[in-house]
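In: Give me a model of this one.
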Amino acid sequence: MLHPGCAPASGTRQQRAVTPPTQSAHFSVKRPDQLPEALKIQLRPHRGYLFARTQIDGRDAGLFMFDTGSNLNVISTGVAGRLGLPTVGSSQATGVGGTQAFEYRSTQSLEFGGVDMAGNKLAAISLHPMSSALGTSVSGLIGIRALAGLPFTLDYTDFTLTIYRRDTFTPPLDAPVFPARFDFGLPVVAAEVGNGHKIWLILDSGADNELTLPLKCLKDWPEIVSVSGSGAGASSGIGGSVASTRTWLGSLEVFGLTLKNTPVTFEQAPASFARQPRPIGRIGGALLKNFRLTIDSRRGQIWAQWLPAGAE
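Out: All right, here's what the predicted structure looks like:
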């Protein structure tokens, strides 16, 4: 069970003029001055993840997962082939299981909710294992950089993404604000586990676990868990899979809250994370669903309102 250590700031939720998506509405993050003050996009929940029906170059491309833990826009290799997207280069992606080579595919537009995102090239990666695990066809991932640095709110109470025009954006009045880093464009917040052990956490709506921490944390700080270990397993993702240990964290302090007995998965950290002076973990969608998050990368700030289990 999760126990808040303190209440979020009180106040009346700020009212904005919000433009709902329509069939005729069409905006682009590449023309931010033409965006409405707030544009709300309805997302589709499935097993704790959030999806959007997506069009590529005006053609239906299927369901893409909105993934704040990805700095790439990804398309499944099968969908890229079906749409005949041309190859424009190659690179490597780093995930939980290591690195994976991929090809970039070129597009003219990547659109969902009536908005064309900043996605002129997509990483073509096999998403068949993810689709099999989720029991639904995952055509791609919409990474956080698709929003081109615009402020946005991810709201699990009604499964919506609201994008704001920067020159008129005003922060929410009913949520406390916290400083954030944006490593490789990903939102990262400070947190503490156990008796004051400081860590960083990536806000990762594409992660399946409530909380994931490097295995080294368990080895160095065994006292941080409330149960020694409930079982071994494996975490799968880009680059393959890694062994993991699933148990409960005694105490987690994040966003001004103290959360008790939070489910946690410990796994081997990617090499790039292991070199950091402070451990880096991830908050997944199963824990993020208890918050309404407004994120502004250019200000380096995140507003987090505690709404357990999506309750107002």
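In: Skipping adjacent residues, who's closest to residue 120 in space?
Out: residue 107 (6.0 Å; C-beta to C-beta, 6 or more residues apart in numbering). (Each C-beta comes from the backbone N, C-alpha and C, glycine too.)
In: Repeat that for residue 218.
Out: Here the residue nearest residue 218, using C-beta to C-beta, 6+ apart, is residue 266, at 4.5 Å.
In: Next up, the contacts around that neighbour.
Out: Residue 266 makes contacts with 212-215, 217-218, 244-247, as judged by C-beta atoms under 8 Å, 6 or more residues apart in numbering.
In: Give the bridge partners for it, please.
Out: Beta-bridge pairing for residue 266 (DSSP bridges): residue 213, residue 245.
In: now do residue 153
Out: Going by DSSP bridges, residue 153 forms beta bridges with residue 162, residue 294.
In: Touching, it and residue 292? I think so.
Out: Yes: applying C-beta atoms under 8 Å as the test, residue 153 and residue 292 come out as touching, 6.7 Å apart.
In: Looking at the two, which one has more neighbours?
Out: residue 292 (25 against 20; other C-beta atoms under 10 Å).
In: can you tell me how far that one sits from residue 31?
Out: Separation of residue 292 from residue 31 (C-beta to C-beta, to the nearest Å) stands at 27 Å.
In: What does the pLDDT read for the closest residue to residue 200 other than its chain neighbours?
Out: Closest residue to residue 200 apart from its sequence neighbours, by C-beta to C-beta, 6+ apart: residue 280 at 4.7 Å. In this model, residue 280 is scored at 94, pLDDT.
In: who's in contact with residue 280?
Out: By C-beta under 8 Å, 6+ apart, the neighbours of residue 280 are 188, 199-202, 214, 269, 273.
In: Which members of those are positioned in helices?
Out: Secondary structure from DSSP state H places residue 273 of the contacts of residue 280 in helices.
In: Mind putting the contacts of residue 280 into JSON lines with distance to residue 182, neighbour count and pLDDT?
Out: Supplementary listing: the contacts of residue 280 in JSON lines, determined by distance: C-beta to C-beta, whole Å; neighbours: other C-beta atoms under 10 Å; pLDDT from 0 to 100:
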{"residue": "188", "distance to residue 182": "7", "neighbour count": "19", "pLDDT": "97"}
{"residue": "199", "distance to residue 182": "17", "neighbour count": "22", "pLDDT": "97"}
{"residue": "200", "distance to residue 182": "12", "neighbour count": "19", "pLDDT": "96"}
{"residue": "201", "distance to residue 182": "13", "neighbour count": "23", "pLDDT": "97"}
{"residue": "202", "distance to residue 182": "10", "neighbour count": "21", "pLDDT": "96"}
{"residue": "214", "distance to residue 182": "20", "neighbour count": "20", "pLDDT": "93"}
{"residue": "269", "distance to residue 182": "19", "neighbour count": "21", "pLDDT": "81"}
{"residue": "273", "distance to residue 182": "16", "neighbour count": "18", "pLDDT": "71"}
